[in-house]
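K.L.:
Coordinates for the following, if possible.
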Amino acid sequence: MPDIMGKMDIAFPHLNIYLENVPKSFTVFGFSIALYGVIIGLGFFLALILISKIAGATGQNPDTYWDVATFVIIFSILGARAYYVFFAWDYYKDNPISVLNIRNGGLAIYGGVIAGFLTAFIYCKVKKVNFFLLTDTIMPGLLLGQVMGRWGNFTNREAFGEYTDNLFAMRLPVEAVRSGEITELMKAHMVEGTNYIQVSPTFLYESMWNLCLLIIILLYIKHKKFDGEIVLMYLGGYGLGRSWIEGLRTDQLIMHTTGLPVSQMLAICLVTFSVAVMAVKRLRMRKK
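P.N.:
Numbers count the residues shown, from 1 in each chain. Next up, the predicted model:
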């Protein structure tokens, strides 16, 4: 591995992987297109394909999901941005125009999930559709989108964790990341004559966690005991992983009243909620 990395290079030294000139964007007919957005968009598309397959296999009309997707995608993106901006307001209050710029990231998954659930709930009320059946069917697609979406963080050089020297340690050139995300511990481990930091690739951890959860849910979905069970599995399973991974990140959104990472707190609450509801639901089913 070289001591001096190119500005757009990324390396995983212990895996002997060195990637040169990993772009953040590309140009088409003079327009710059961010890879972050392309990956997010591809994630949405593949998620819809998977959801349609599940709907068809379970006797539902796939067209329902393409219909609701129009609204859910729009409001999920707005919700993801609003959540991020709200908890990072100290930055955006001095840079209000930046609120409209999502090319460089700044979408919070939990904000998108909350907005998506609310949108789906309203849709189901208007169209007289079973909300819990619909959201159970959507969950695998949501997870697939999250598996892919985290790789947008990879191309953006964001959503990484503190210094590590474990097997998956990732090296990034200092000039390729935001200065505010370079910690004292990272600086302390910078070897003289090098121009990179070595970090925990938390985007990778979360992508792999979500992939494992997706596989479990796909194997189980035909055997679910009640509508809404897959939603609870998602909230609990994703929350469990997020509560751990969020604690590793250096770009946490902090709730000022507590000084704690807001997504970590929310994840723990959702794990507790989902486990409690699932336990109560199964207990009632046994009594019947």
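K.L.:
Would you confirm that Phe26 contacts Tyr36?
P.N.:
No - here Phe26 lies out of contact with Tyr36, judged by CB atoms under 8 Å, at a distance of 11.6 Å. (Each C-beta comes from the backbone N, C-alpha and C, glycine too.)
K.L.:
tally of neighbours for the closest residue in space to Leu142 that isn't next to it in sequence?
P.N.:
Ranked by CB to CB, 6 or more residues apart in numbering and with sequence neighbours excluded, the top spatial neighbour of Leu142 is Ala47, at 6.5 Å. As a burial measure, Ala47 scores 24 neighbours (other CB atoms under 10 Å).
K.L.:
Next one: Ala47 relative to Leu219, how far apart?
P.N.:
Counting by CB to CB, to the nearest Å, the gap from Ala47 to Leu219 is 18 Å.
K.L.:
do Gly111 as well
P.N.:
29 Å.
K.L.:
who's more crowded, those two?
P.N.:
Taking neighbours as other CB under 10 Å, Gly111 and Leu219 compare with Gly111 leading, 23 against 9.
K.L.:
wait, what's in contact with that one?
P.N.:
79-84 (CB atoms under 8 Å, 6 or more residues apart in numbering).
K.L.:
contacting residues around Ile254?
P.N.:
Ile254 touches 87, 260-262, counting by CB under 8 Å, 6+ apart.
K.L.:
Please name the nearest non-neighbouring residue to Glu246.
P.N.:
Glu246 sits nearest to Gln264 (CB to CB, 6+ apart), 4.1 Å away.
K.L.:
what secondary structure does that neighbour sit in?
P.N.:
helix (DSSP: H, G, I helix; E, B strand; the rest coil).
K.L.:
Between Phe26 and Tyr36, which is the more surrounded one?
P.N.:
It is Tyr36, of Phe26 and Tyr36, that has more neighbours when counted by other CB under 10 Å, with 24 against 11.
K.L.:
Isn't that one up against Phe154?
P.N.:
No - contact status for Tyr36 versus Phe154: not in contact, 9.3 Å apart, counting by CB under 8 Å.
K.L.:
Let me know how buried Asn101 is, in neighbour terms.
P.N.:
Neighbours of Asn101 (other CB under 10 Å): 11.
K.L.:
contact partners of the worst-scoring helix or strand of the chain on mean pLDDT?
P.N.:
For the chain, the helix or strand with the lowest mean confidence is helix 89-92, at a mean of 78 (criterion: mean pLDDT, DSSP states H and E). Residues outside helix 89-92 that contact it (CB under 8 Å, 6+ apart) are 85, 98-99.
K.L.:
Quick one, which of those residues are buried?
P.N.:
85, 99 (16 or more other CB atoms under 10 Å).
K.L.:
Tell me the one among the contacts of helix 89-92 nearest to Ile4.
P.N.:
Comparing these against Ile4 with CB to CB places Ser98 closest, at 31.5 Å.
K.L.:
where's Ile33, which helix or strand?
P.N.:
strand 31-34 (DSSP states H and E).
K.L.:
so where do the strands sit in the stretch 101-250 of the chain?
P.N.:
Ranges of strands in the stretch 101-250 of the chain, per DSSP state E, counting those that start in this stretch, are 170-173, 196-199.
K.L.:
Just send the contacts of Gly111 back as CSV, with pLDDT too.
P.N.:
Supplementary listing: these in CSV, determined by pLDDT from 0 to 100:
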residue, pLDDT
Gly79, 94
Ala80, 92
Arg81, 91
Ala82, 91
Tyr83, 92
Tyr84, 89
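K.L.:
Count the residues that sit near Lys24.
P.N.:
16.
K.L.:
ok, now how distant is it from Phe45?
P.N.:
On the measure of CB to CB, Lys24 and Phe45 end up 21 Å apart.
K.L.:
Also Val271?
P.N.:
In terms of CB to CB, Val271 sits 30 Å off from Phe45.
K.L.:
Mind checking which of those two has more residues around it?
P.N.:
Val271 (19 against 14).
K.L.:
Val277 and Val231 touch, don't they?
P.N.:
No - in this structure Val277 lies outside contact range of Val231 using CB under 8 Å: 9.6 Å.
K.L.:
Looking at these two, which has the bigger crowd around it?
P.N.:
Val231 (20 against 16).
K.L.:
mind checking pLDDT for the more buried one?
P.N.:
What the model reports for Val231 is a pLDDT of 98.
K.L.:
now swap in the one 10 residues further on and tell me
P.N.:
According to the model's per-residue confidence, Gly241 sits at a pLDDT of 97.
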